[in-house]
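Novice: the sequence isn't on hand, but the structure is:
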Ligand code: SF4
């Protein structure tokens, strides 16, 4: 995976820097708390949430356990519907395939709808090197692209920017990329959105090639599904003559009917809406409606290695709703950039080190970027036990052992010079020197006590088989002290 | 070795722990969830649709079949629309009272031409009450996906109660996966700037739904 941000310090250092940035922290706190509260309301409207969550988990687990069969079925149905399927083992291969497909159309610019898979493989940069300009069309992605910046949240990638900064970026950069910002642009969100509408419409209407990801692919029918809000997805998916979709191999569901589960759980977990404004579904090509040529690039890039890990495999169930980010006390303070990958927050802490391996310092430190409070597991609509995978990955970093890299079994050495312990200690020190983070973590830990395992998962099972894990107290010591000592803080 | 073989080979090796006789698909998933949420009369389901559409800032009109042409004419007049895009299979009677010039959607029309039209009118395939969603599937009375995207004003006619279902599972049952579909819940929107909701970034800024029946 080529997605490591170049020059990225390991998590504790990056987090420390982020914690000192008041604007970032303020924006993040506001965002995560707002979305969190709205999500809880959206979920409470659905009385069968627990059953939907369980079904979502089972559908994804079943698919992963038979992924070879479903991949072949998907390939056959997409081909039968008029599409062409390509297979990419890693980021470089995927980038080469896409660049070739674009070149074959004779075009030198493409419009893109936000896609984590193409961010993961660094597609925009690879296309740039081939003389092809890729325009991001999601408003937040546009802000990030114009600001020569990195996304910091799965759902609201420019959440670290406030309106004044956005206006400045639009004013100074839009002209470089196409239609300049209107004269006298103010910082009201409606005006900023209008500026983006005008700037991008010019590109949509002339675009001949669109590039997307997909939220789901249906093996049975060959249908792809993209869920979005702004309509830029619909523009990219229907106006160009050629559509290229780059999708991770784990995004399959077996049948059309399975969508009934995820189209209920994804919007409510993600934007906290009953349903997102737009969902597009297409099956190959359709006569006179939408692109005449459709290419699907199926991406591995570390996913089969993740699949080989029986504990870590569950990370591939993720439907990228971002709910886990919004409840994470560590993410809230550190921000998305600290994770050094396109997948921030709790899911990033377990996905990135599996996709990329734990060789780099940042990847070795990611499993420690958590207080193990369990809040992420509780909100996850496909019930990924993120704390279980974190503990498992910590063990792997410290003790080494057998892992699969690029399809081959290799034995991982324990992290050299106790780099992992160092990383862990630094992460711990960071938490202890930021009592707010620690306290929130502990409170959540108390509240989610009933969800905590009584034994350790994975290789730790043998150890905990004959010992009980220390139970988490019903109330953190600090809270007890405050309650019983007249509000004096612990010194 | 092709990448296809390489990836499939890696998948198979990665799944060495999965037994040959693993639980088949039809038994692997407990579908204990509901087909619809709550029990409602047909009329209440239509009310819920109207309420949820409005909650997502669509403008909702209700009328009888006899009043439909007048209602549509009124919507277009109030908006000041001079041109209206019409899919090939739309019931001609719906626009009988409207003054706006009809622009037929043809495969030859370019995105730039669509961009100059004031309004578009379509039917729909199904509407979902619980989520306030209308679904278009490209049937002749709905036209190509692009026509409900580029113009700034979309009028969608829903026949009630026939086209209304309660829930997402019931909607999927009615749809044909082969047809491209677009699910629309309110006008296009973004919350990317400090989480302030702004309507109409790229799709139509105004969605008017006429419930006729
Ligand atoms: S891990 Fe779960 S909660 Fe987090 S983004 Fe993925 S699906 Fe959502």
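Specialist: Structure's in. What do you need? Bear in mind the structure is a predicted one, so any value in this text is a computation, not a measurement.
Novice: what bridges to the spatially most central residue of chain B?
Specialist: The centroid of chain B falls nearest to residue B:135 when counting by CA atoms, centre = their mean (2.8 Å). As for beta bridges, residue B:135 partners with residue B:126, residue B:183 under DSSP bridges.
Novice: and for the closest residue to residue A:150 other than its chain neighbours, the neighbour number?
Specialist: Closest residue to residue A:150 apart from its sequence neighbours, by CB to CB, 6 or more residues apart in numbering or on different chains: residue A:337 at 5.8 Å. Heads up, the C-betas are built off the backbone N, CA and C, glycines and all. Neighbourhood size, residue A:337 [other CB atoms under 10 Å in any protein chain shown]: 22.
Novice: from the ligand, how far out is residue A:337?
Specialist: Distance of residue A:337 to the ligand, given as CB to the nearest ligand atom, to the nearest Å: 17 Å.
Novice: longest helix anywhere in chain B?
Specialist: helix B:42-55 (DSSP state H).
Novice: what's residue 207 in contact with, if anything?
Specialist: Using chain A. A:109-111, A:236, A:239-240 (CB atoms under 8 Å, 6 or more residues apart in numbering or on different chains).
Novice: if you could check chain B rather than the one you did, that'd help
Specialist: By CB under 8 Å, 6+ apart, the contact list for residue B:207 reads B:57-59, B:154, B:156, B:184, B:186-187.
Novice: just the buried members of these?
Specialist: B:57-58, B:154, B:156, B:184, B:186-187 (16 or more other CB atoms under 10 Å in any protein chain shown).
Novice: let me have those residues in JSON lines, adding secondary structure, distance to chain A and pLDDT as columns.
Specialist: Formatted as JSON lines, those follow (DSSP: H, G, I helix; E, B strand; the rest coil; distance: CB to the nearest CB, whole Å; pLDDT from 0 to 100):
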{"residue": "B:57", "secondary structure": "coil", "distance to chain A": "10", "pLDDT": "91"}
{"residue": "B:58", "secondary structure": "coil", "distance to chain A": "10", "pLDDT": "95"}
{"residue": "B:154", "secondary structure": "strand", "distance to chain A": "11", "pLDDT": "97"}
{"residue": "B:156", "secondary structure": "strand", "distance to chain A": "14", "pLDDT": "98"}
{"residue": "B:184", "secondary structure": "strand", "distance to chain A": "6", "pLDDT": "97"}
{"residue": "B:186", "secondary structure": "coil", "distance to chain A": "6", "pLDDT": "85"}
{"residue": "B:187", "secondary structure": "coil", "distance to chain A": "7", "pLDDT": "84"}
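Novice: quick one: which of these is nearest residue A:91?
Specialist: When the buried ones among the contacts of residue B:207 are compared for distance to residue A:91 (CB to CB), residue B:184 wins out at 34.8 Å.
Novice: hang on, that closest one packs against residue B:137?
Specialist: No. Taking CB atoms under 8 Å as the definition, residue B:184 is not a contact partner of residue B:137, at 11.8 Å.
Novice: helix or strand next in line after the longest helix of chain B, which one?
Specialist: strand B:59-63 (DSSP states H and E).
Novice: now check that following strand, is it near chain A?
Specialist: No. Shown here: strand B:59-63 not in contact with chain A (CB under 8 Å from any CB of the partner chain), separated by at least 15.0 Å.
Novice: so which bits of the helix or strand that that strand is followed by are buried?
Specialist: Later in the chain than strand B:59-63, the nearest helix or strand by DSSP H and E is helix B:68-79. If you call a residue buried by 16+ other CB under 10 Å, then helix B:68-79 has these buried ones: B:68-69, B:71-73, B:75-76, B:79.
Novice: next, the one residue in chain B that gets nearest to chain A: secondary structure please.
Specialist: Nearest residue of chain B to chain A: residue B:203, at 3.0 Å (CB to the nearest CB). Put simply, residue B:203 is coil when judged by DSSP: H, G, I helix; E, B strand; the rest coil.
Novice: just residue A:221 next, same as before
Specialist: Classified using three-state DSSP, residue A:221 is coil.
Novice: check the one 4 residues further on too.
Specialist: With three-state DSSP as the basis, residue A:225 sits in strand.
Novice: who's in contact with the residue minimising distance to the centre of chain A?
Specialist: For chain A, residue A:343 is the residue whose C-alpha lies nearest the centre (CA atoms, centre = their mean; 4.1 Å). Counting by CB under 8 Å, 6+ apart, residue A:343 touches A:116, A:120, A:154, A:351-352.
Novice: pLDDT score for it?
Specialist: With respect to pLDDT, residue A:343 has a value of 90.
Novice: my read is it is in a strand, agree?
Specialist: No. Applying three-state DSSP, one finds residue A:343 to be coil, outside a strand.
Novice: neighbours around residue B:20, how many?
Specialist: 4.
Novice: how near is residue B:18 to the ligand?
Specialist: Using CB to the nearest ligand atom, residue B:18 is found at 22 Å from the ligand.
Novice: ok so, going back, from the contacts of residue A:343, pick the one nearest residue A:25.
Specialist: The closest of the contacts of residue A:343, once distances to residue A:25 are taken by CB to CB, is residue A:154, at 18.8 Å.
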